[in-house]
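**Student:** Quick one, what's the 3D model for this:
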Amino acid sequence: MQFRQQALSKLQSPEDIDLPVRFARPQGCLVLVVTVVAMIAAAVWAVTGNVSSTLGAPGILTHAQGSYVLQSPVAGQISDVLAEEGERVSANSPLIKVRTAEGSTVVRTLAAGRLTTLVAAVGSVITTGADVAAVERIEKDDDPLSVMLYAPAESGATVPVGASVDVTVQSVPKQRYGVLRGRVESVGRVAETSRRITGFLGSTQLGEQFSREGPPVAVLVRLDESSATKSGYTWSSPDGPPYSVESMTLATGSIKLAEQNPIDWLLP
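**Tutor:** Prediction:
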């Protein structure tokens, strides 16, 4: 009622008719301008911009040739261990000596590489077919490292060959030295079972770990090499860590998938 009385009183004052009417305060005009500019910018970005998504996957540093598990061809007691874990071995190199009822048998490697696991110990008894060692296949000392990622099977089809990948290495502090740079070299089209992963990596534990959420798809990542770093690979930091990275080190990859237009990304 009070406002109505004020309005009627103004209408009864002819001298106030020529006064300008203010529809909005300056602060309101500023907010309106900012809102319009933001809407125009959003519309331009929706038409010309791109949205990139990433896919995270666990993995491990390794050589592309993979590993193999060496099994004992006989049953008996181990009488001697002829190699040490971590050393390079040649093809047909002796690893352990097993004493059997028929005499002693020497278990030898199948192919050259690095002895990553040796589970045999002097005095222990083994059965035929028991795992005694795991050997990572390496042809030359300077064979480059790769990263084998195990992505969820339902996401495998979305991973393009050539996509850039950032690899976080478990043994390298990310906050200090950054991540490894690489690109997808190949994508498996068949889901990997725990047994197949074990056969490639030479570790039952890793086979179970990477297939815990179901059979994954193997994604091979080729690392970008660099002569300016101690490790020999390109990092997100200028120098990377002051030491080399070793194979069979756990890692996590962030795969950059194909970019999409924001409108396509937002619409169902």
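
**Student:** Who are the contact partners of the closest residue in space to A130 that isn't next to it in sequence?
**Tutor:** Take A130 and drop its neighbours on the chain: the residue closest to it by CB to CB, 6 or more residues apart in numbering is S72, 5.0 Å away. In this view, the C-beta of every residue, glycine as well, is placed from N, C-alpha and C. The contact partners of S72, taken as CB atoms under 8 Å, 6 or more residues apart in numbering, are I96, V98, V107, I126, T127, T128, G129, A130, V132.

**Student:** I'd like the next helix or strand past the helix or strand hosting the last one.
**Tutor:** Same thing as V132. V132 is located in strand 131-137, with elements delineated by DSSP states H and E. Using DSSP H and E, the next helix or strand after strand 131-137 towards the C-terminus is strand 146-152.

**Student:** Figure out how far that following strand is from the centre of its chain.
**Tutor:** Computed by CA atoms, centre = their mean, to the nearest Å, the separation of strand 146-152 from the middle of its chain amounts to 6 Å.

**Student:** What is the next helix-or-strand element following it packed up against?
**Tutor:** Moving toward the C-terminus from strand 146-152, the next helix or strand (DSSP H and E) is strand 164-169. Packed against strand 164-169 by the contact rule (3 or more CB pairs under 8 Å, 6 or more residues apart in numbering; DSSP states H and E) you find strand 146-152, strand 180-187, strand 216-223, strand 250-256.

**Student:** Pipe those strands into a markdown table and attach mean pLDDT, mean neighbour count and distance to D166 per row.
**Tutor:** As requested, the helices and strands packed on strand 164-169 are arranged in a markdown table below (pLDDT from 0 to 100; neighbours: other CB atoms under 10 Å; distance: least, CB to CB, whole Å):
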| stretch | mean pLDDT | mean neighbour count | distance to D166 |
| --- | --- | --- | --- |
| strand 146-152 | 94 | 24 | 11 |
| strand 180-187 | 95 | 19 | 7 |
| strand 216-223 | 95 | 22 | 10 |
| strand 250-256 | 94 | 20 | 5 |
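
**Student:** Of those strands, which is nearest A120?
**Tutor:** Nearest of these to A120, taken as CB to CB: strand 250-256 at 24.6 Å.

**Student:** rewinding a little: so which of the contacts of S72 wins on neighbours?
**Tutor:** Going through the contacts of S72 with other CB atoms under 10 Å as the criterion, the one with the most neighbours is I96, at 25 neighbours.

**Student:** starting at the chain centroid, how far to the helix or strand containing that residue?
**Tutor:** When elements are defined using DSSP H and E, I96 is found to belong to strand 94-100. Here the centre of mass of C-alpha atoms in strand 94-100, compared against the chain's by CA atoms, centre = their mean, lies 39 Å away.
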